[in-house]
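>>> Below are the sequence and a predicted model; questions follow.
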There are 2 protein chains.
Amino acid sequence: MNRADLDRFFSPASIAIIGASQDFTKITGKPLYYLRKHSYQGRIYPVNPRYTSIDGIPCYPSIKDVPDDIDLALIAVNFRMVPQVLMECVEKGVKFATIFSSGFAEAGDEGKQIQEEVARIAREGGIRVCGPNCQGAVDFHRNIAAAFSAALDVFPLLKGSVGFVTQSGAMGFSIFNLAQSHGIGFSYLVSTGNEMDLTCIDFMNFMLDDDNTSMVFAYLEGIRNGEAFKKVAEKARIVGKPLVVLKTGKSDVGSRAASSHTAALTGSDAVFSALCRQKGIIRIEDTEEFIDLAKLMTVFPPTIGGPRLGIISTSGGGGVLCADIADDFGVEVPEFETSTVEKIRQSIPSFGSPQNPVDMTAQVINTADDFRKVLTAVAEDPSVDAIVVVITMIVGTSGTRMALDLARARRETQKPIVVVWTAGEHLISEQLKILEEARVPCYSSPRRALKALAYLINYGLHRTETSNDPPVISPMENILPDLNRENLRGVLSEHQSKKILECFQISTTREECATSAEEAKSIANRIGYPVVVKIDSPDIPHKTEAGLVRLNIRNDAEVISAFNEMMTAVKSKYPDAQINGVLIQEMVTGGVEVIIGVKRDPQFGHAVMFGLGGIFVEIMKDVTIRIAPVDHREALKMIQEVQGYRLLEGARGSAKSDIQALAETIVRVSHLAESLPNLVELDINPLIVLPEGAGVKAVDALMIFDRP
Amino acid sequence: MNRADLDRFFSPASIAIIGASQDFTKITGKPLYYLRKHSYQGRIYPVNPRYTSIDGIPCYPSIKDVPDDIDLALIAVNFRMVPQVLMECVEKGVKFATIFSSGFAEAGDEGKQIQEEVARIAREGGIRVCGPNCQGAVDFHRNIAAAFSAALDVFPLLKGSVGFVTQSGAMGFSIFNLAQSHGIGFSYLVSTGNEMDLTCIDFMNFMLDDDNTSMVFAYLEGIRNGEAFKKVAEKARIVGKPLVVLKTGKSDVGSRAASSHTAALTGSDAVFSALCRQKGIIRIEDTEEFIDLAKLMTVFPPTIGGPRLGIISTSGGGGVLCADIADDFGVEVPEFETSTVEKIRQSIPSFGSPQNPVDMTAQVINTADDFRKVLTAVAEDPSVDAIVVVITMIVGTSGTRMALDLARARRETQKPIVVVWTAGEHLISEQLKILEEARVPCYSSPRRALKALAYLINYGLHRTETSNDPPVISPMENILPDLNRENLRGVLSEHQSKKILECFQISTTREECATSAEEAKSIANRIGYPVVVKIDSPDIPHKTEAGLVRLNIRNDAEVISAFNEMMTAVKSKYPDAQINGVLIQEMVTGGVEVIIGVKRDPQFGHAVMFGLGGIFVEIMKDVTIRIAPVDHREALKMIQEVQGYRLLEGARGSAKSDIQALAETIVRVSHLAESLPNLVELDINPLIVLPEGAGVKAVDALMIFDRP
């Protein structure tokens, strides 16, 4: 499906409305009504055997009777009739169909069966379908509203650069409507419903390629094809258009409800969040945040130089509140350069503050030029990347002057300027209009402004920090010489798992498997005392809990008796377990225990987890996740973002750990996962990170592969 | 200052405006303008030697010339003239003055001096003063606007039950204006400025006693008198009126700016947060949250039965999003009773969902009674405490019907009903009006609604969980028989600190201080090996880091050599340290290490800190704080709210710890702090919590008192 294809979907030269009604208050009547209301310039053909014409337009008994080629059929008939109708569309050579009808997979078994039949007809007939159970699509720049939502009662629709893909028609069109009432203009809007054929990802791809679209917003309930989503996220990153996602089904209750009401599968939310962080997808938390963010993103380039904010306020309290909230969101409020402070000092009263956040005091209303001068001084300060102006109860002429000063500053500086004006709209409507025309985003609350700005800043930082090169993957051919991949099935023992780690150059403990006490003794002597003695069995993954690990074995006598005791114990406790033998292993002391894990997510593939061992993971859940592959820079970010990082850095008097070797190990684990598609789970627990320069060592490992 | 006093401040029978201007656009002209605009019924006397009358009202050269008694003088003259003007007010017998003028303590040294002079005149003359550097006060129910903010240009002002005290005039009046534009009505509003005499706390006290006020909102920049604030917080708790606080100066930058621009001291923010949690003060994070919360609190009683939410949505997506956000805020979305699910199932289409969150689907527009039936079923479900209804793009007649159904349900159930209607206001203005008249709060975003609801729910839970009884303090008389309180000065040694702990029945290690090797040996034998040997000196608080702690000393020979080595080492390393001797101490093994600390906060007095030892405190900053005194129930809450709590409960295979004994120890530490006002700092680190029934033991302790 390439771009040109969907272009015709959004902008068809001819549209048939199958099941059209002459009652424009009904879902079946609305598409015709809205197409005409918003000045569709193409040809419209209502299809309904009950009418000969609707509101002056000829109506046909069947699509096959229409005397024209049809680009798009809008289908609004009972779901049981859809297979026949779609078959007729195929016969007619219709290119696209949007199926509004409900009752399909979302409703139950009968609907599911019919949906499968419809899908088969579409596939075999070569017609591409949006829906079923969707609300249609709008092409704003070409005035084509092929949809039935009451949100289209508004006229005119605001054109703009936001592309919007929604899996929920009801939520999507209502967010759209709310956004329009806040002045947000759109390029495209499409509701994808059950995604029987065309999916949200097809549309996101299309919009990312579209010149009229500068950001794509997706309201998602579930992602069917994680691999495709990863690709579209990567594409967004490369073309440099922000991808903003509001995804529901985050909580347990939410995801229970999500799976009960849509046919979509919901992947693990933590993995999805990791993917967003990794790809620079802006994951928002509320409908309103979309509006707040779109206000910024449609007027400023999506990259800000840095995270440093200059704050100017007409009230000391307002500036301080803004600084507090900036801090909550990790946005910096730096000190100004000395020369800036001096310039500001000349334009504010002695009881104001020329420091960042600047307190101009309400005296700003008395002197004509002061605000403009302060604004210029802050905008020119090289330590400032963006400016927030907090205006309190300044209205009337003084307010208008400030608005005009802001409009001028907006033209004169490249740095984003955002206004927080905490007064009732009716007192400042004139001023708000000046700001809107000058494209200066204005908010009624500091928190909303700062949160939007923080999203924008973090997006910019992500773009600066990541390159467009694909992650460098070391050559992996033939590194598994002694592994028969066909045999990687089910649970592997510790020793087997470690052999695979070694193939990927992940450092493990020196160890060998003994099948007799004599052999145990000679292995221990080769390795050197003290050693650790463990049972090696794929059937006993939790060896420590089973009492089948013995630490600090110091001589031949101890190793022999440990071997014998362990074999006796295991035979009585686990008579059916497959026993490979007893592992004789070097004992590693010192270092910091960490855990590296891999879990295959049903949607997004292999997720790599990292955390510090012990209470960090077990009690504090202090872990971080990425989707494989992970490169060295990303691995370092993972290490740095867990709270326990300070321990690796040498907090509490310990030596600094070998963080580079740890990062490299995370990279190798991610390559391992990429190379072994049938790997279900991997746990290296613990991996000991030794002091700087001494590397790491995997002390225990467990791998689980698909069962045959 | 009792209630009746401030009543006359807000509602004076006569007002003089000193420095009145006939230019109503100026600060000096506005008070007269607004008093008349809002129909002040008392007598007004402008005072200004330049006029004989202003706008038809006789104007007097001096307040002393006014032929009437004056309740309130509004002073708007240059700050240098204020002492003389106030002196004349005193001579005239004026009861209250509001000083609008700026240039006082907030501006610099000269202003500070003049403010002190003004304060002296007021104190000696018996006149009570609001300000200086404030914007005045409004009594809404009696239509008295004795203020100059442009926010008073709105007419009429909405009366209601919110009392509002603000330290920042500019922020306060602009938040007020914004709130009025969202339909929030007020009882009183006062801006307190520099708080030279009357403080925010005086006004909060007054409003808590006022029958027209159901909640008090305070916008605070700094609290001068922490003890008074604690009392007013306790009063709010007892009278059952929510106290909502937006306090700035939270971040480092914010608090740096706060102290530069106001004369207020800013206390430690973490301690303030702890106080809020403890007293049930609702600490909000943004101006808009006040409006969102006031919408709820002015229509529902401030206590909800519990935290369980029933969600009804016209879109599956909307319900799921709401459930996700509820989860973010710790609000429960329980399963309905079976009978409720059955009732709902009969009123929704098969592709909807009768479970919580209910998905009615957009079909709700087609059938007249369904929404009402579902609403009733959910409201009657005993597992639901409050209801959120999410309405998407339902407008026109169907929307109006839903609004009317909501209005009816509001009358029929005691449970709070909140609406989230995500459509542009212009499409649903009629419906919003119906909801407003029925007192059903409506929001345009799920997150804003849920956050406000979460505040309300948590407030209710706090009220349920705390009783109005003062914390029970065990009798403390004569429990310090061998302590000469006068001698508690500066840093105490470990052994001295523990003696004080014992006076408060806090269990410590068995230990004695030896001054000779022989004595060390005999003490060790009395205690029983193994023992711990430590230097005991008030001058070496960090003994471990100094190498002056030896663990696991197992016999006489070891104890003697440990004693001798330690004395030699300390004499060479710390020749000037005061050495009490060497502490011979029982060695405690097992148990979980925790830390209990006390720090005296300059504003709020002794704060008690609790956390688990080691990385929990040092790396994860996993601690919790309360203001002393702390009772047993509150201590248990402290223990339960740290993330490491699971370790005390027996996670990771350890035994369950003696949590009751730990809680009791926290209570005793808080009593200790209360009993010793000159205690600056206390650290019990570690306190070992032994398995259930075995109690706790303070292993190390450090106390610091005021120096003489």
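That came in fine, so what should we check first? On a predicted model such as this, the values are computed, not experimentally measured, just so you know. Numbering: from 1, shown residues only, chains lettered A, B, ... in the order given.
>>> number of nearby residues for the residue of the stretch 451-600 of chain A found nearest chain B?
At 8.4 Å from chain B, A:Glu545 is the closest residue in the stretch 451-600 of chain A, using CB to the nearest CB. (C-beta placed from N, C-alpha, C; glycine too.) A count of neighbours around A:Glu545, defined by other CB atoms under 10 Å in any protein chain shown, yields 10.
>>> same thing with A:Thr338?
8.
>>> For chain B, see how far away it is.
Distance, A:Thr338 to chain B, using CB to the nearest CB, to the nearest Å: 16 Å.
>>> do you know how far that residue is from A:Asp381?
A:Thr338 is 10 Å from A:Asp381, where distance means CB to CB, to the nearest Å.
>>> ditto for A:Ala218
In terms of CB to CB, A:Ala218 sits 37 Å off from A:Asp381.
>>> SS state for A:Ile688?
strand (DSSP: H, G, I helix; E, B strand; the rest coil).
>>> any idea what sits nearest it, other than its immediate chain neighbours?
Excluding its sequence neighbours, the residue lying closest to A:Ile688 (CB to CB, 6 or more residues apart in numbering or on different chains) is A:Gly591, at 4.0 Å.
>>> Check A:Thr413 too.
Sequence neighbours aside, A:Ala379 is the residue nearest to A:Thr413 in space, at 4.2 Å (criterion: CB to CB, 6+ apart).
>>> Can you classify that neighbour as helix, strand or coil?
Quick answer, by three-state DSSP: A:Ala379 is helix.
>>> Make sure it is actually in contact with A:Ala409.
Yes: contact criterion CB atoms under 8 Å: A:Ala379 and A:Ala409 qualify, at 6.1 Å.
>>> what residues do those two have in common as contacts?
Any residue near both A:Ala379 and A:Ala409 by CB atoms under 8 Å, 6 or more residues apart in numbering or on different chains counts here, and that gives A:Ile417.
>>> Select the helix or strand of chain A having the lowest average pLDDT value.
When each helix and strand of chain A is scored by mean pLDDT, DSSP states H and E, helix A:252-261 comes last, with a mean of 56.
>>> Next secondary structure after it?
Going down the chain from helix A:252-261, the next helix or strand is helix A:269-279, by DSSP states H and E.
>>> Mind checking if that following helix is in reach of chain B?
No: against chain B, helix A:269-279 shows no contacts by CB under 8 Å from any CB of the partner chain, the least distance being 9.0 Å.
>>> partner strands of the helix or strand following that helix, parallel or antiparallel?
Later in the chain than helix A:269-279, the nearest helix or strand by DSSP H and E is strand A:282-283. Applying DSSP bridges, strand A:282-283 is found paired with strand A:243-247 (parallel).
>>> The nearest residue to A:Glu430 once chain neighbours are set aside: which element?
Distances taken as CB to CB, 6+ apart place A:Thr400 nearest to A:Glu430, at 6.3 Å, with adjacent residues excluded. Using DSSP H and E, A:Thr400 maps to helix A:396-412.
>>> what's next to that helix, contact-wise?
Here helix A:396-412 makes contact (CB under 8 Å, 6+ apart) with A:364-365, A:368, A:371-372, A:375-376, A:379, A:389, A:391, A:394, A:417, A:419, A:428, A:430-432, A:434-435, A:437-440, B:150.
>>> ok, 6 Å please
Residues from elsewhere that reach helix A:396-412 (CB atoms under 6 Å, 6 or more residues apart in numbering or on different chains): A:365, A:371-372, A:375, A:417, A:428, A:431, A:434-435, A:438, A:440.
>>> Can I get it as CSV, trimmed to CA atoms?
Written as CSV, here are the backbone C-alpha positions of helix A:396-412 (Å, rounded to 0.1, in the frame of the first residue of the first chain):
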residue,chain,number,x,y,z
GLY,A,396,-7.6,46.5,28.9
THR,A,397,-5.1,48.8,27.3
SER,A,398,-2.1,47.5,29.3
GLY,A,399,-3.0,43.9,28.4
THR,A,400,-3.3,44.8,24.7
ARG,A,401,0.1,46.5,24.7
MET,A,402,1.6,43.4,26.3
ALA,A,403,-0.1,41.2,23.6
LEU,A,404,1.3,43.4,20.9
ASP,A,405,4.7,43.3,22.4
LEU,A,406,4.5,39.5,22.5
ALA,A,407,3.4,39.4,18.9
ARG,A,408,6.4,41.5,17.9
ALA,A,409,8.8,39.4,19.9
ARG,A,410,7.4,36.3,18.2
ARG,A,411,8.4,37.7,14.8
GLU,A,412,11.8,38.8,16.1
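>>> is chain B contacted by the very next helix or strand once past it?
Once the chain leaves helix A:396-412, the next helix or strand it forms, by DSSP H and E, is strand A:417-421. No: Strand A:417-421 stays clear of chain B (CB under 6 Å from any CB of the partner chain), getting no nearer than 8.4 Å.
>>> Can you point out the buried residues in the next helix or strand after strand A:417-421?
Next along the chain after strand A:417-421, taking DSSP H and E as the criterion, comes helix A:429-437. Neighbour counts over helix A:429-437 (16 or more other CB atoms under 10 Å in any protein chain shown) mark A:431-432, A:434-436 as buried.
>>> before we move on, what about stretch A:72-92?
A:72-77, A:79, A:82-83, A:85-90, A:92.
>>> Which ones among the residues you listed map onto helices?
Judged by DSSP state H, these include A:82-83, A:85-90, A:92 as members of helices.
>>> got those as CSV, with pLDDT columns?
CSV is the format used below for these (pLDDT from 0 to 100):
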residue, pLDDT
A:Val82, 98
A:Pro83, 98
A:Val85, 98
A:Leu86, 98
A:Met87, 98
A:Glu88, 98
A:Cys89, 98
A:Val90, 98
A:Lys92, 97
